[in-house]
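> no sequence for this one, just the structure:
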């Protein structure tokens with residue numbers, strides 16, 4: 001099977017997931033009609049996303065900055081002003097973007113089974129949808145958990161869909177796994193981009209370590225916290241048994257309502273900490289709820305990958 005030309009996704013769970021993701025990606029341009037600059041990032045064109053770097057085409061002039069070499073000065077442009085300017089060219093090489101989609105058991109939760117997706121289902125759909133958009137733009141994309149380099153082309157979408165489809169089968173069969181997931185930042189390619197999709201309900205130290213190690217490797221990206229609305233509202237009262245999806249943690253109370261304020265405070269503190277971590281390391285952070293349309297989250301993810309170039 002060749003990477004060239006359209007490639008049909010073979011039968012199985014991967015095909016259905018990819019079809020939904022491509023449908024979601026295809027719906028983006030109309031949503032971006034009122035935001036021209038974002039529409040242009042979705043309708044990528046032949047040269048990929050614009051940024052300065054090694055290329056052939058002129059992009060822009062910018063003032064000389066500390067660290068620039070004298071040979072980079074454009075003397076003809078600088079002669080027209082009182083300051084020195086550097087001539088920048090457009091970078092046309094593909095960017096590597098690594099996706100980490102949390103597959104831990106906490107992600108299998110849905111407060112309304114059959115009526116809205118689990119957190120894992122939504123995270124997988126968004127992962128593949130952003131991969132579709134990036135590959136269409138000529139970028140290299142990979143899953144952080146796979147022991148293979150990021151690649152471009154439709155065949156890579158098949159690999160990603162198969163991997164995500166395998167995780168979906170594990171969820172559907174209710175096979176055991178860790179209660180909470182943790183990303184890794186030390187295996188990401190140098191100076192790449194990354195997207196982490198999770199509920200981030202595990203130990204916060206894991207997220208801190210991942211972002212610190214990613215920053216050490218020059219990696220920037222986006223954190224998307226995927227939550228069920230019940231986890232935001234805490235609509236419980238009276239006698240309630242709280243149990244982790246894996247069954248390793250359990251707590252019974254006769255007055256669940258008394259826990260609401262403390263729970264919401266801790267959730268807000270977790271979000272604040274994640275946002276602070278993202279800001280410190282040059283990443284972006286947002287929250288997405290499974291009862292809201294996926295298009296908004298996909299739009300945010302794509303914009304977050306553009307931020308800070």
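Noted; the coordinates are in hand. Here the structure is a predicted model, which means the values were calculated and not measured.
> quick one: the strands in the stretch 201-309 of the chain, in order.
220-227, 240-243, 250-253, 284-289 (DSSP state E, counting those that start in this stretch).
> figure out which of these is closest to residue 124.
Each of these has some distance to residue 124 by Cβ to Cβ; the shortest is strand 220-227, at 10.1 Å. All C-beta atoms are positioned from the backbone trio N, CA, C, and that covers glycine.
> the closest one vs strand 284-289, what angle?
Angle of strand 220-227 versus strand 284-289, following axes from the mean of the first three to the mean of the last three Cα atoms, to 10 degrees, is 20 degrees.
> in a strand, residue 184, correct?
No. The assignment for residue 184 (DSSP: H, G, I helix; E, B strand; the rest coil) gives coil, which keeps it out of a strand.
> for this structure, which helix is longest?
Longest among the helix segments of the chain by residue count, using DSSP state H, is helix 260-281.
> what's that helix packed up against?
When contacts are defined as 3 or more Cβ pairs under 8 Å, 6 or more residues apart in numbering; DSSP states H and E, helix 260-281 packs onto helix 204-216, strand 220-227, strand 284-289.
> what sits against residue 180?
For residue 180, the residues meeting the contact criterion (Cβ atoms under 8 Å, 6 or more residues apart in numbering) are 104-106, 201-203.
> one more time with 7 Å
Applying Cβ atoms under 7 Å, 6 or more residues apart in numbering, one finds that residue 180 lies in contact with 104, 106, 201-202.
> so which of those residues comes closest to residue 285?
residue 201 (15.0 Å).
> picking that back up, mind checking which of the helices and strands packed on helix 260-281 is nearest residue 305?
strand 220-227 (6.4 Å).
> my guess is residue 289 contacts residue 227, does it?
Yes. Taking Cβ atoms under 7 Å as the contact criterion, residue 289 and residue 227 are neighbours in contact, 5.7 Å apart.
> in the longest helix of the chain, what's buried?
Of the residues in helix 260-281, those buried under the neighbour-count criterion (16 or more other Cβ atoms under 10 Å) are 267, 270-271, 274-275, 277-278, 281.
> of those residues, closest to residue 66?
The shortest separation between residue 66 and any of the buried residues of helix 260-281 is 22.5 Å, and it belongs to residue 281 (by Cβ to Cβ).
> contact partners for that closest one?
With contacts defined as Cβ under 7 Å, 6+ apart, residue 281 is in contact with 211, 214-215.
> what about 6 Å?
When the contact criterion is Cβ atoms under 6 Å, 6 or more residues apart in numbering, the partners of residue 281 are 211, 215.
> likewise for residue 199?
Applying Cβ under 6 Å, 6+ apart to residue 199 gives the contacts 106, 119, 226-227.
> 10 Å instead?
Taking Cβ atoms under 10 Å, 6 or more residues apart in numbering as the definition of contact, the neighbours of residue 199 are 102, 104, 106-107, 109, 119-120, 123, 180-181, 225-228, 231, 270, 287.
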